[in-house]
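Asks: Here you go, sequence then predicted model.
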Amino acid sequence: MATDHAPLPTHTAARGSVLPASLTPTLIKRLAERVVAAVDAARVVTNAPYTGEPLADLPVSTPVDVEDAYARARIAQKSWAATSLSQRKKILLRFHDLVLARQEEALDLMQAENGKTRRDALLEVVDIAITSRYYARNAARYLEPKRRRGAIPLLTHTTELRHPKGVVAVVSPWNYPLSMAAGDAIAALMAGNAVVQKPDTQTALTALWSLDLMHEAGLPAAVWQMVVGRGSSIGGALMDNADYMMFTGSTASGRKIASDAGRRLIGASLELGGKNAMIVLDDADIDKAADGAVAACFPSAGQLCVSIERLYVAESIRDRFVDAFVARTKQLKIGAAYDYSIDVGSLTTPAQLQTVTAHVDDAVAKGATVLAGGKARPDLGPLFYEPTILADVTPDMTLHEHETFGPVVSIYSYRSIDEAIARANATPYGLNASVWSGNGARGRAVAARVHAGTVNVNEAFAAAWGSIDAPMGGMGDSGLGRRHGADGILKYTEPQTIAHQRIQGFTPPASISPETWATLLTGALKVLKAVGVR
């Protein structure tokens with residue numbers, strides 16, 4: 001599970017060295033008090049990635065605190081499950097309005113905790129508004145009782161019911177602190193569950209802010225609670241008390257969670273790592289594809305599960321595409337600012353900076369060519385790294401197949417579509433991909449052959465992610481389960497079939513011999529097939 005991070009070195013950034021006025025000590029203290037922890041709990045201090053300055057002083061939860069949260073959640077969940085769908089809908093729609101009305105506060109929090117740009121943070125606000133509205137207005141058609149075809153036409157009345165799992169554990173990451181924290185909780189809550197959540201400590205304030213707003217929208221106390229601490233300390237208590245586990249994080253942690261869930265015979269949904277590919281076909285509009293590559297590789301400084309790290313370009317257009325992509329990348333404005341003036345922000349943790357630096361240095365030492373970027377920018381802040389494009393990357397380099405999770409992309413050329421697809425699929429991961437073509441039908445045909453849970457044509461990742469009525473998730477080492485659409489809420493429920501048999505069942509009446517009954521049943525089955533009954 002996610003772990004806490006070491007304090008950042010203090011460093012004065014070129015811009016944004018003072019926290020925005022909205023992040024008052026009063027606000028931060030109020031949010032910290034929502035953590036389930038003892039009065040005399042140990043404390044952990046987080047730091048702002050832009051500068052390294054102290055940001056939040058948070059209480060640390062213990063396994064006992066986690067168990068207490070579950071105990072309260074189980075009591076609250078019974079009443080919440082009995083609350084009508086229409087009332088739950090009203091709460092989610094009020095939450096939708098509050099998120100939009102108070103977005104400046106959310107944007108400041110995300111930038112302060114994560115180091116991303118304001119435009120990247122805004123996408124999280126938009127995402128949560130869409131998610132809230134979608135499940136508020138569509139949950140009824142997924143959750144209300146449904147008539148199903150009975151075993152014997154007219155005689156069997158069959159109904160499918162959906163019951164909430166109970167108490168869902170949500171472990172959310174630091175890279176998208178609002179989307180991943182609130183987004184996964186929304187569907188679980190709308191399905192009638194209670195939630196006990198462990199956000200990553202580095203971005204816990206943003207998660208706590210969403211909890212604060214949900215309570216303001218009318219969610220009853222204890223239905224959604226948050227704990228803070230290292231996975232190594234409280235992860236066991238989270239798993240051992242959960243009725244379902246929703247986890248976003250590394251593939252290694254996901255494997256452990258899947259094993260533990262299997263031991264307990266509970267369900268789990270896991271969004272894990274990726275090494276996502278973009279394929280540029282020979283008929284693609286080069287300018288649009290180059291713009292798309294920038295949008296695919298560098299949002300949130302590349303700290304995005306669905307961002308592109310491998311780029312395959314048709315050999316016939318490679319040089320023109322590379323020139324356009326490199327030129328656009330070099331024009332990106334890097335820095336720290338609580339406004340919309342910056343294109344690429346900071347990495348979030350020292351560990352990410354170390355990984356990005358190590359991957360690039362290893363590649364360069366083994367012969368990779370740096371086309372853009374390739375170095376850290378301590379003049380801007382402690383964790384800045386330039387958007388980087390590498391060529392001549394070979395299999396012996398670490399970043400060839402391992403996820404970097406930073407603003408780094410490797411570019412390759414190919415001679416045939418079959419080759420491009422084979423190379424894109426030559427990975428144990430399968431989260432997201434992108435295909436660029438001047439012919440939509442051709443692009444979609446190629447996309448259908450890519451081994452990934454979502455594939456975007458002439459888009460980076462937003463088209464598939466934003467299509468919230470469709471499932472989103474990974475194949476292979478990128479995880480299990482799906483967000484969004486019907487799958488995104490039904491996974492938090494237990495289906496139950498109730499079949500009421502009327503007049504006559506499958507046992508023959510006393511007046512009919514077993515042989516005659518067998519003949520009648522056989523004849524009935526033939527008739528049903530003949531008249532087209534499914």
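Replies: Arrived safely.

Asks: Nearest residue to the most centrally placed residue in the chain in space, please, no chain neighbours.
Replies: For the chain, the residue nearest the mean C-alpha position is Met180 (5.2 Å; Cα atoms, centre = their mean). Spatial nearest neighbour of Met180, chain neighbours left out: Ser172 (4.3 Å); criterion: Cβ to Cβ, 6 or more residues apart in numbering. Backbone N, C-alpha and C define where each C-beta goes, glycine included.

Asks: next one: Ser210
Replies: Closest residue to Ser210 apart from its sequence neighbours, by Cβ to Cβ, 6+ apart: Ala182 at 4.0 Å.

Asks: And the strand or helix carrying that neighbour, what does it pack against?
Replies: Using DSSP states H and E, Ala182 sits in helix 179-190. When contacts are defined as 3 or more Cβ pairs under 8 Å, 6 or more residues apart in numbering; DSSP states H and E, helix 179-190 sits against helix 85-101, helix 118-143, strand 167-172, strand 194-199, helix 204-217, strand 244-248, helix 485-490.

Asks: swap the cut-off to 7 Å and go again
Replies: Using 3 or more Cβ pairs under 7 Å, 6 or more residues apart in numbering; DSSP states H and E, the elements in contact with helix 179-190 are helix 85-101, helix 118-143, strand 167-172, strand 194-199, helix 204-217, helix 485-490.

Asks: Okay, helices next: where are they in the stretch 401-534 of the chain?
Replies: 417-424, 440-447, 462-466, 485-490, 514-530 (DSSP state H, counting those that start in this stretch).

Asks: Of those helices, which is nearest Ser84?
Replies: Across those, the minimum distance to Ser84, taken as Cβ to Cβ, is reached by helix 485-490, at 16.2 Å.

Asks: Leu19 should be in a strand, yeah?
Replies: No. Going by DSSP: H, G, I helix; E, B strand; the rest coil, the assignment for Leu19 is coil, not a strand.

Asks: From Pro25, how far off is it?
Replies: Distance of Leu19 to Pro25, given as Cβ to Cβ, to the nearest Å: 10 Å.

Asks: ok, now Ile91?
Replies: For Ile91, the distance to Pro25 equals 29 Å [Cβ to Cβ].

Asks: between these two, which one's more packed in?
Replies: More crowded of Ile91 and Pro25, by other Cβ atoms under 10 Å: Ile91, with 21 against 8.

Asks: Need the distance between the two termini of stretch 132-152.
Replies: 40 Å (Cα to Cα, to the nearest Å).

Asks: Could you check that stretch and say which residues are buried?
Replies: 132-136, 138-139, 142-143, 150 (16 or more other Cβ atoms under 10 Å).

Asks: Need those residues in CSV (columns: pLDDT).
Replies: What follows is these, written out as CSV (pLDDT from 0 to 100):
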residue, pLDDT
Ser132, 98
Arg133, 98
Tyr134, 98
Tyr135, 98
Ala136, 98
Asn138, 98
Ala139, 98
Tyr142, 98
Leu143, 98
Gly150, 91
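
Asks: can you put these in JSON lines and add distance to Leu58?
Replies: Output for the buried residues of stretch 132-152, formatted as JSON lines (distance: Cβ to Cβ, whole Å):
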{"residue": "Ser132", "distance to Leu58": "26"}
{"residue": "Arg133", "distance to Leu58": "31"}
{"residue": "Tyr134", "distance to Leu58": "31"}
{"residue": "Tyr135", "distance to Leu58": "29"}
{"residue": "Ala136", "distance to Leu58": "31"}
{"residue": "Asn138", "distance to Leu58": "35"}
{"residue": "Ala139", "distance to Leu58": "33"}
{"residue": "Tyr142", "distance to Leu58": "36"}
{"residue": "Leu143", "distance to Leu58": "35"}
{"residue": "Gly150", "distance to Leu58": "55"}
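
Asks: Tell me the one of the residues you listed nearest Leu213?
Replies: Minimum distance to Leu213 across the buried residues of stretch 132-152 is 10.3 Å, recorded for Ser132 (Cβ to Cβ).

Asks: my guess is that closest one contacts Leu92, does it?
Replies: Yes. Ser132 lies in contact with Leu92 (Cβ atoms under 7 Å); the separation is 4.9 Å.

Asks: Mind listing the shared neighbours of the two?
Replies: Contact criterion Cβ atoms under 7 Å, 6 or more residues apart in numbering; residues shared by Ser132 and Leu92: Ile186.

Asks: List the residue ranges of this protein that fall below the pLDDT cut-off.
Replies: Along the chain, the parts satisfying pLDDT under 70 run over 1-17.

Asks: neighbours around Gly335, how many?
Replies: Applying other Cβ under 10 Å, we find 20 other residues in the vicinity of Gly335.

Asks: Dump the helices of the stretch 401-534 of the chain to a markdown table, plus distance to Tyr176 and mean neighbour count.
Replies: Below are the helices of the stretch 401-534 of the chain laid out as a markdown table (distance: least, Cβ to Cβ, whole Å; neighbours: other Cβ atoms under 10 Å):
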| stretch | distance to Tyr176 | mean neighbour count |
| --- | --- | --- |
| helix 417-424 | 24 | 18 |
| helix 440-447 | 24 | 16 |
| helix 462-466 | 10 | 18 |
| helix 485-490 | 16 | 20 |
| helix 514-530 | 51 | 11 |
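
Asks: and Val45, that's in a strand?
Replies: Yes. Checked against three-state DSSP, Val45 lies within a strand.

Asks: Please report how far Ser437 lies from Gly52.
Replies: Using Cβ to Cβ, Ser437 is found at 44 Å from Gly52.

Asks: Then Ala277?
Replies: Plainly put, Ala277 is 35 Å away from Gly52 if you go by Cβ to Cβ.

Asks: Can you verify His163 is assigned to a helix?
Replies: No. Counting by three-state DSSP, His163 is not part of a helix but strand.

Asks: Just list whatever residues bridge to it.
Replies: Judged by DSSP bridges, the bridge partners of His163 are Glu494.

Asks: That one reaches Gln496, doesn't it?
Replies: Yes. Here His163 reaches Gln496: they are 6.0 Å apart, a contact under Cβ under 7 Å.

Asks: These two: which is more packed in?
Replies: Using other Cβ under 10 Å as the criterion, His163 and Gln496 rank with His163 on top: 14 against 11.

Asks: so who does the more buried one touch?
Replies: So His163 contacts 493-494, 496 (Cβ under 7 Å, 6+ apart).

Asks: so can I have a markdown table of these showing distance to Glu67?
Replies: Written out in a markdown table, the entries for the contacts of His163 read as follows (distance: Cβ to Cβ, whole Å):
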| residue | distance to Glu67 |
| --- | --- |
| Thr493 | 25 |
| Glu494 | 23 |
| Gln496 | 28 |
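
Asks: Which of those residues sits closest to Ala112?
Replies: Nearest to Ala112 out of the contacts of His163 is Thr493 (Cβ to Cβ; 36.4 Å).

Asks: tell me the contacts of that closest one?
Replies: 143, 162-165, 191.

Asks: One more pass at 6 Å, please.
Replies: 162, 191 (Cβ atoms under 6 Å, 6 or more residues apart in numbering).

Asks: What of Val227?
Replies: The neighbours of Val227, taking Cβ under 6 Å, 6+ apart as the test, are 36, 61, 65-66, 69, 198.

Asks: Which members of those are the farthest-apart pair?
Replies: Checking the contacts of Val227 with Cβ to Cβ, the most distant pair is Asp65 and Lys198, at 10.9 Å.

Asks: Specify which member of the contacts of Val227 is nearest to Glu113.
Replies: For the contacts of Val227, the residue nearest Glu113 by Cβ to Cβ is Lys198; the value is 15.5 Å.
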